[in-house]
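Trainee: Sequence plus the predicted model coming up.
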Amino acid sequence: KAGVTQTPRYLIKTRGQQVTLSCSPISGHRSVSWYQQTPGQGLQFLFEYFSETQRNKGNFPGRFSGRQFSNSRSEMNVSTLELGDSALYLCASSFGGAGELFFGEGSRLTVL
Amino acid sequence: GESVGLHLPTLSVQEGDNSIINCAYSNSASDYFIWYKQESGKGPQFIIDIRSNMDKRQGQRVTVLLNKTVKHLSLQIAATQPGDSAVYFCAENISGSQGNLIFGKGTKLSVKP
């Protein structure tokens, strides 16, 4: 069974640009969550999608957005990038109830 | 098991010894707890979970203990191996907030051969 797949794995952007990250969940999983991981703040919840609807949202500015498609694949977008957005962005999938999240390897974003 | 800023607490153990990693969680409404292991360059990997109606759960070489009175979680690893070297995170889930795990800052486990 394939795991959670995230693309791209690495990317470099400059301030002011925007970026889109993609996540393919484990087959059969309908929930996709996104997390930001930095050395200073650790792992922080961005948002969670279930059946194409945002079900939960963390405490991040509106520059961070996401969506989920009918096949459960998800994308997150960060607009007007800032240096502080440099981080590892992790996607996790699950069946949707309160249970284990399966994480991908992450997309490492560097903002110059 | 909590840290501030860039400095993760580090636990250094000898191969074959038992390891205990501790974590204080924040919310009394949390009803589900997970331990994750993260190796360098990889995403977090599930180790073991426990629900709030239990105080102990055992897996293969791992045991999680939950003390709701003091909001404390611990992970015990038996016969620690070099492959166990990683950063370990505890995470809590508040009832009704699916997909939203609140992670601790992590503890770095180093196993000396």
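Mentor: Arrived safely. Predicted model, so just to flag it, every value in this text is computed and none were measured.

Trainee: Below-threshold pLDDT in chain B: ranges please.
Mentor: By pLDDT under 70, the low-scoring segments of chain B are B:1-7.

Trainee: please redo it, this time with the cut-off set to 90
Mentor: Scanning chain B for pLDDT under 90 picks out B:1-8, B:26-29, B:41, B:94-100, B:105, B:113.

Trainee: And chain A, by the same measure?
Mentor: A:1-2, A:39-41, A:95-100.

Trainee: State which one residue of it is found closest to chain B.
Mentor: Nearest residue of chain A to chain B: A:Glu48, at 3.2 Å (CB to the nearest CB). Every C-beta, even on glycine, is put in place using the N, C-alpha and C of the backbone.

Trainee: That residue: what's its closest spatial neighbour, skipping adjacent residues?
Mentor: Among residues not flanking A:Glu48 along the chain, B:Gly99 sits closest, at 3.2 Å (CB to CB, 6 or more residues apart in numbering or on different chains).

Trainee: residues touching the one you found, list them.
Mentor: If you count contacts by CB atoms under 8 Å, 6 or more residues apart in numbering or on different chains, B:Gly99 has them with A:Ser31, A:Val32, A:Ser33, A:Phe45, A:Glu48, A:Phe50, A:Arg55, A:Asn56, A:Ala92, A:Ser94, A:Gly96, A:Leu101.

Trainee: Was I right to think the fourth one contacts A:Arg55?
Mentor: If I follow you right, that is A:Phe45. No. In this structure, A:Phe45 is not within contact of A:Arg55 by CB atoms under 8 Å, at 11.8 Å.

Trainee: Show me which of these two is the more surrounded one.
Mentor: Using other CB atoms under 10 Å in any protein chain shown, the more surrounded residue of A:Phe45 and A:Arg55 is A:Phe45, with 22 against 17.

Trainee: Identify the bridge partners of the more buried one.
Mentor: Here A:Phe45 sits in beta bridges with A:Tyr35, as judged by DSSP bridges.

Trainee: Relative to A:Phe69, how far out is it?
Mentor: In this structure, A:Phe45 and A:Phe69 are 21 Å apart, going by CB to CB, to the nearest Å.

Trainee: Check B:Phe46 too.
Mentor: With distances taken as CB to CB, B:Phe46 is found 25 Å from A:Phe69.

Trainee: higher neighbour count, those two?
Mentor: Taking other CB under 10 Å, B:Phe46 and A:Phe69 do not tie; B:Phe46 has more neighbours (16 against 11).

Trainee: Three-state assignment for whichever residue of chain B sits closest to chain A, please.
Mentor: Chain B approaches chain A most closely through B:Gly99 (3.2 Å), counting by CB to the nearest CB. Assigned state for B:Gly99: coil (three-state reduction, DSSP: H, G, I helix; E, B strand; the rest coil).
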